[in-house]
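Colleague: after the sequence you'll find the predicted model.
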Amino acid sequence: MATPRGNLVFVLHAHLPYVRHPDHPIFLEENWFFEGLIETYLPLLAMFDRLDREGVGFRITMTLSPTLVSMLEDPLLMGRFEARLSLLRELAGREVARTRGGPYEKIARFYEGHLAHLEGFYREGLGRNILAGFRRHMDRGMLEGITCGATHGYFPFLQEVPGSVEAQVRVGVSTFRRVFGRDPQGIWLPECAYYDGVDRILRKEGIRFFFMESHGLLYADPRPPAGVYAPLVTPAGVWAFGRDPDSSRQVWSAKEGYPGDPLYRDFYRDIGYDLDYDYIRPYLHTDGPRGMTGLKYHRITGATDQKEIYDPELARERVKVHARDFVSRREAQVADLTTALGIDPTIVCPYDAELFGHWWFEGVDFLEEVYREVARRRSLSVHTPVELVRQGIPASGGEPEPSSWGENGYYEFWMNSTNDWIYAPLFEAAREMARLATHSGRVSGQDREILNQMARELLLAQSSDWPFIMTTGTMIDYAVDRIKNHLYRFWVLREMVVGGRFREDVLREIRDKDALFPELDFSVFLP
């Protein structure tokens, strides 16, 4: 009897909101981007290169959201990133000197070497071009890059105004095409939020597949016989892949999953909070308050404030144990599902990219070891969704359940008492944008430039990151200011077009603040 072979699909959702403040030399929220590069995106690319050099076959699907891509190609932000990385290397060097002969010297030397390696990889291995690194692995067929909504707008709410969801999808597709030289075959629906009919928009823009939370498939009409373990083809002919809850829980959960192991690095204990303020202040990416540096000297240890010193070598050995356990569990899962369903099951493992490296420091090493373990055993097959679509694997048909991967599984995380006030002004601006797009098809020159910038401001205001932040209760003032400022700029620009009050200096200032999507034309808001 042949050994059951399941299809593993690893998906990383790489997205950050567009944060760019050229008028401030140091801006706290820009550090979200710098941390993502240092702790997640550079380590992932280095891991892809290692596996490729060693001939370890791997397949991975990865969202590269349009806002993240826009920041990665921005000279201002990338220059600030290089300065930040150099500053952290300086801090690591000082820490080696400060801790010499003490219990923290070993971990300080680890960070010195780690940051030196990342800086060398960025400068020499990637030629300071991170997007080219991703494109190289796409060209080699190892990485299936997919797009997202332009600014991660929440589609189920944006559908209130015809043209808004279309604009988010169109700009997502066109940005991916411009940067990577190919059409994206798949899309990550922002927050995995599906509503009836969005598949028609996706199909029209050339999208072949997307991902859903588990119950989006389990409650489909009709209910698919294989549950989440085979894709579903929507009425518009787009393939929907559902998240496997078992493999997700093992990796996502800090309590039940691998990231909570006592040997792994503690995320919250950082020398930015532990050391003397006058010593650490030059290395904080803030305008005064304490904050994270990324140099963390303690391991999780357990539910205690008395944390033990982190040992990277012990953590690395634990990673191998967990990778073997993960693959063994998938093998057992595939055997059970094959018996129950009579097909080779498809197990979709989607995660936020920043779980790996940023939140779970050892996560990139874990993923690398999983690929090595799969290659050694040859009992599982790792694919990208587009490969499975081309192979014509078994799939059922039906209408997915409206859903998301937010708390409680539906839409309430993005519309509740903390954030519901934002939607009336967002819808008002969207209706005006759609009206102008419908009646301004032949404009040229400065009016077209103004309308294009209006479209940028509206897209940025629509980001689902802002209501998400309001619900979680972190950085609320920043999220509120972002929505209000983008809408204010939208209406200022609108007065230039409709009221004939053109101010070139104002247009230039707004354009310089929000300098993304160079190919954008306001006609994307046509329903």
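Modeller: Received it, and whenever you're ready, just let me know what you need. Numbering: from 1, shown residues only.
Colleague: go ahead and confirm residue 159 touches residue 195.
Modeller: Yes: with contact defined as CB atoms under 8 Å, residue 159 reaches residue 195; the gap is 6.2 Å. Just so you know, the C-beta spots here come from the backbone N, C-alpha and C atoms, and that holds for glycine as well.
Colleague: have a look at the chain and report the helix or strand with the lowest mean pLDDT.
Modeller: Each helix and strand of the chain was given a mean pLDDT (mean pLDDT, DSSP states H and E); the minimum falls on helix 245-252 at a mean of 89.
Colleague: where do the domain boundaries of this structure fall?
Modeller: Split into domains by automatic domain parsing, the chain comes to 7-254+307-408, 417-525.
Colleague: what would those look like in TSV with mean neighbour count and distance to residue 273?
Modeller: Listed next are the domains of the chain as TSV, based on neighbours: other CB atoms under 10 Å; distance: least, CB to CB, whole Å:
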stretch	mean neighbour count	distance to residue 273
domain 7-254+307-408	19	12
domain 417-525	18	17
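Colleague: columns distance to residue 267 on top of the ones you listed, output as a markdown table?
Modeller: What follows is the domains of the chain, written out as a markdown table (distance: least, CB to CB, whole Å):
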| stretch | distance to residue 267 |
| --- | --- |
| domain 7-254+307-408 | 6 |
| domain 417-525 | 15 |
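Colleague: and of the ones you listed, who's closest to residue 277?
Modeller: Closest of the domains of the chain to residue 277 is domain 7-254+307-408, at 14.1 Å (criterion: CB to CB).
Colleague: how far does that closest one stretch from start to finish?
Modeller: 28 Å (CA to CA, to the nearest Å).
Colleague: and stretch 34-46, by the same measure?
Modeller: Using CA to CA, one end of stretch 34-46 lies 17 Å from the other.
Colleague: quick one: mean pLDDT for that stretch?
Modeller: Stretch 34-46 shows a mean pLDDT of 98 in the predicted model.
Colleague: and the contacts of it?
Modeller: 12, 14, 16, 68, 80-81, 84-85, 88, 115, 117-118, 121-122, 125-126, 130, 133-134, 137, 285, 292, 294, 353-354, 356-358, 361, 364 (CB atoms under 8 Å, 6 or more residues apart in numbering).
Colleague: so where does residue 350 fall, helix or strand?
Modeller: Assigned by DSSP states H and E, residue 350 belongs to strand 346-352.
Colleague: helices or strands up against that strand?
Modeller: strand 7-14, strand 239-242, helix 245-252, helix 312-341 (3 or more CB pairs under 8 Å, 6 or more residues apart in numbering; DSSP states H and E).
Colleague: pLDDT weak spots in the stretch 151-300 of the chain?
Modeller: For the stretch 151-300 of the chain, the stretches with pLDDT under 70 are 254.
Colleague: all the strands of it, residue numbers only.
Modeller: Using DSSP state E, counting those that start in this stretch, the strands of the stretch 151-300 of the chain run over residues 186-188, 209-212, 232-233, 239-242.
Colleague: to residue 508, which of the ones you listed lies closest?
Modeller: strand 186-188 (33.5 Å).
Colleague: ramachandran angles for residue 83?
Modeller: When read as degrees, to the nearest 10, the backbone of residue 83 gives phi -60, psi -40.
Colleague: same question for residue 399.
Modeller: The phi/psi pair for residue 399 (degrees, to the nearest 10) reads phi -100, psi 120.
Colleague: let the chain start at 56 from now.
Modeller: With the count now opening at 56, the last piece we talked about shows up as residue 454.
Colleague: okay, and the beta partners of it?
Modeller: In this entry, residue 454 is beta-bridged to residue 276, by DSSP bridges.
Colleague: what's near enough to touch it?
Modeller: Shown in contact with residue 454 (CB under 8 Å, 6+ apart): 251, 275, 276, 289, 290.
Colleague: make JSON lines from these and add distance to residue 236 to it.
Modeller: Formatted as JSON lines, those follow (distance: CB to CB, whole Å):
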{"residue": "251", "distance to residue 236": "34"}
{"residue": "275", "distance to residue 236": "35"}
{"residue": "276", "distance to residue 236": "39"}
{"residue": "289", "distance to residue 236": "28"}
{"residue": "290", "distance to residue 236": "32"}
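Colleague: with respect to residue 580, which of those is nearest?
Modeller: Among those, residue 251 lies closest to residue 580 (CB to CB), at 21.8 Å.
Colleague: contacting residues around the residue nearest to residue 203 when sequence neighbours are not counted?
Modeller: Closest residue in space to residue 203, ignoring its immediate chain neighbours: residue 120 at 4.2 Å, by CB to CB, 6 or more residues apart in numbering. Applying CB under 8 Å, 6+ apart to residue 120 gives the contacts 68, 69, 70, 71, 202, 203, 204, 207, 227, 243.
Colleague: next one, pLDDT for residue 120 please.
Modeller: 98.
Colleague: hang on, the earlier thing: narrow the contacts of stretch 89-101 to those in strands?
Modeller: Residues of those located in strands (DSSP state E): 67, 69.
Colleague: re the thing from before, want to throw the helices and strands packed on strand 401-407 into CSV with distance to residue 582?
Modeller: Conversion of those to CSV gives the following (distance: least, CB to CB, whole Å):
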stretch, distance to residue 582
strand 62-69, 28
strand 294-297, 24
helix 300-307, 36
helix 367-396, 41
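Colleague: sorry, back to before: out of the contacts of residue 454, which is nearest to residue 546?
Modeller: residue 251 (32.4 Å).
Colleague: hmm, back to that, could you tell me the least trusted of the helices and strands packed on strand 401-407?
Modeller: Taking the mean pLDDT of the helices and strands packed on strand 401-407, helix 300-307 comes last: a mean of 89.
Colleague: dump that helix to CSV, keeping only the CA atoms.
Modeller: The C-alpha trace of helix 300-307 is given here as CSV (Å, rounded to 0.1, in the frame of the first residue of the first chain):
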residue,chain,number,x,y,z
PRO,A,300,-6.9,24.7,12.5
ASP,A,301,-4.6,22.0,13.9
SER,A,302,-1.4,23.1,12.2
SER,A,303,-2.3,26.7,12.9
ARG,A,304,-2.8,26.2,16.6
GLN,A,305,0.6,24.5,17.0
VAL,A,306,2.4,27.5,15.6
TRP,A,307,0.1,30.4,16.5
